[in-house]
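> Below are the sequence and a predicted model for it; my questions follow.
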Amino acid sequence: MLCTLVLAIMGTSVDVGVWIGISMATMVFLMIADVPADGYCVELGKFESEEERGQVLATGQRIRFTCSIIAGIIQAVMVNGVKTNPAGCPIDAENCWGWGFTVGQYYGFIFCILFVMFLPILKMKELDGKHVPTHTFKEHAHELWETLKNRTTLYLLIFVAGSGMLATMTNIVTIYIQYNVLGITNFQSGIAYALTGLAVVGGVKIFQTYFINKNWRITQYLSSIFNAILGLLWLLVFNNVGGLLNAWFTIFINLGQTFAAGITQVLFAMAVIELAKFGQEAVTYELIVSAANAAAIISTIIGTQMLPLEKANLCQNSGTDDVTCTDDQVPTKNFLDHSGPSRFSKYTLIILGVNIGATLIFTQFLPRQKWECAKWKEEGEKAGSPAWVGIAGILLAAVIIFYGIVTIFLLLDPETACLPSVGGGGCDDSN
């Protein structure tokens, strides 16, 4: 709340570097609040009956993304004035509005919302925690090591790493189309954010109702197949078939793909409920989630590094910019008159192939159901919980998380953000 209040007071007078620093501090504090909330949902899952186990966690995710819907509406409706759009933006219903919050007013409004939502927390009570042992840091480390030595943990880390990096690899050119070629507006962006939140809520609800006690691997396969089929719709956009090179149609595609992803939003978390020991819920869950988040960052880097395969790097020559594009670049101006449609289409097909192949490979490391979590855990314990399993899990998680953290800091500096190792197009005197 205090960080948001500072941004509200500073408004547009804040330096970009200072704004990034305060925003990072805000995210750190949000993460500190988020970790025990996730751990608590996993802990409560242990008290649910076997057939209901995971409902608390899934409901928590639905509440989270319902709030994302509200955030998207705020962005679309209240932050679409002339003060928060490019100069000269046309005043109409779809582009800029004649009224709207300034940057400072926006952060002030968010501060008020946070303050009101903070008050009930002061009165909320947790369940009796006497059954949960209190650990020192050393004891936590020992318990985590025992968890890591179980092959179920290693399998989950392999699953989230492979799925995050390859099975759900980001299609970079779809972002280019929306924000560079079509120039999606603040209003459209806010509506898109709200609708994708709604799609996730719907997907999680479908999982809770129909798939929570079904074969999780089959659920993952169905979600990926649905995602791939919807991904083919981007080919219609790139080639403007039937005039579908349209911002609203791209939002519709995103909506469908997000719904498919929402169905599997809590899949690996279900396995963590079965795996984590009492008092270790947050530690175990956040280890795996951190690996998944870092894998998503690496996914974007790999997706960007694959752009040169089809000469699909973007050249922003729209507007009055006097920019000469090279033969291996796709210009934003007169996109359809160049090789952009064919290059973006081929790149998309490559990404879809990687997604499907990785799904077939890495979904095998996802337990099929709660009973298989227990089976793997028992088999691992009978095998003596070998240390090499724990070492492999630590190395896998450490490499992914370390690379993700280093990448984030390199991307903050323009002189290093262009490095190919972090997804840049290469550093030279011209960029």
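Thanks, I have the structure now. Worth saying up front: this structure is predicted, and the values here are computed from it rather than measured. Residues are numbered from 1 along each chain as shown.
> Please identify which helix or strand holds L314.
Per DSSP states H and E, L314 falls inside strand 313-315.
> what does that strand contact?
Y176, N180, L307, V323, C325, T326, D328, Q329, V330, P331, T332, G425 (C-beta atoms under 8 Å, 6 or more residues apart in numbering). (Each C-beta comes from the backbone N, C-alpha and C, glycine too.)
> For the last one, give me the pLDDT.
Put plainly, it is G425. According to the prediction, G425 has pLDDT 61.
> Kindly report the same for the fifth one.
On the pLDDT scale, C325 is placed at 78.
> Could you give the bridge partners of the nearest residue to it once chain neighbours are set aside?
Distance criterion C-beta to C-beta, 6 or more residues apart in numbering; nearest residue to C325, sequence neighbours excluded, is C315 at 3.6 Å. For C315, the beta-bridge partners under DSSP bridges are P331.
> Could you tell me how many residues sit around C315?
19 (other C-beta atoms under 10 Å).
> So which residues of the stretch 51-200 of the chain form strands?
For the stretch 51-200 of the chain, strands defined by DSSP state E, counting those that start in this stretch do not occur.
> low pLDDT regions in it?
129, 132-133 (pLDDT under 70).
> let's go with 80 and repeat that
85-88, 93-95, 125-135 (pLDDT under 80).
> ok, which stretches of it are helices?
For the stretch 51-200 of the chain, applying DSSP state H, counting those that start in this stretch gives helices covering 55-78, 103-118, 137-148, 151-162, 172-176, 186-206.
> now, of these, which is deepest in the fold?
helix 151-162 (a mean of 24; mean count of other C-beta atoms under 10 Å).
> Which elements pack onto that one?
If you count contacts as 3 or more C-beta pairs under 8 Å, 6 or more residues apart in numbering; DSSP states H and E, helix 151-162 packs onto helix 267-275, helix 281-305, helix 340-362, helix 370-382, helix 387-411.
> how about those in JSON lines, adding mean neighbour count?
Converted to JSON lines, the helices and strands packed on helix 151-162 look like this (neighbours: other C-beta atoms under 10 Å):
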{"stretch": "helix 267-275", "mean neighbour count": "24"}
{"stretch": "helix 281-305", "mean neighbour count": "20"}
{"stretch": "helix 340-362", "mean neighbour count": "19"}
{"stretch": "helix 370-382", "mean neighbour count": "16"}
{"stretch": "helix 387-411", "mean neighbour count": "16"}
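> Lowest average confidence across those, which one?
Looking at those, the weakest mean confidence is helix 370-382, a mean of 77.
> Let's have the helices of the stretch 51-200 of the chain in JSON lines, adding distance to K382.
Shown next, in JSON lines, are the helices of the stretch 51-200 of the chain (distance: least, C-beta to C-beta, whole Å):
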{"stretch": "helix 55-78", "distance to K382": "29"}
{"stretch": "helix 103-118", "distance to K382": "48"}
{"stretch": "helix 137-148", "distance to K382": "15"}
{"stretch": "helix 151-162", "distance to K382": "11"}
{"stretch": "helix 172-176", "distance to K382": "46"}
{"stretch": "helix 186-206", "distance to K382": "35"}
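> how about these, which one is nearest S23?
helix 103-118 (10.5 Å; C-beta to C-beta).
> what helix or strand does the residue lying closest to A25 once chain neighbours are set aside sit in?
Among residues not flanking A25 along the chain, C3 sits closest, at 5.5 Å (C-beta to C-beta, 6+ apart). According to DSSP H and E, C3 maps onto helix 2-10.
> which outside residues touch that helix?
With C-beta under 8 Å, 6+ apart, helix 2-10 has contacts from 14, 18-19, 22-23, 25-26, 29, 103-108, 110-111, 114.
> List the buried residues for that helix?
Within helix 2-10, the residues that count as buried by 16 or more other C-beta atoms under 10 Å are C3, T4, L5, V6, L7, A8, M10.
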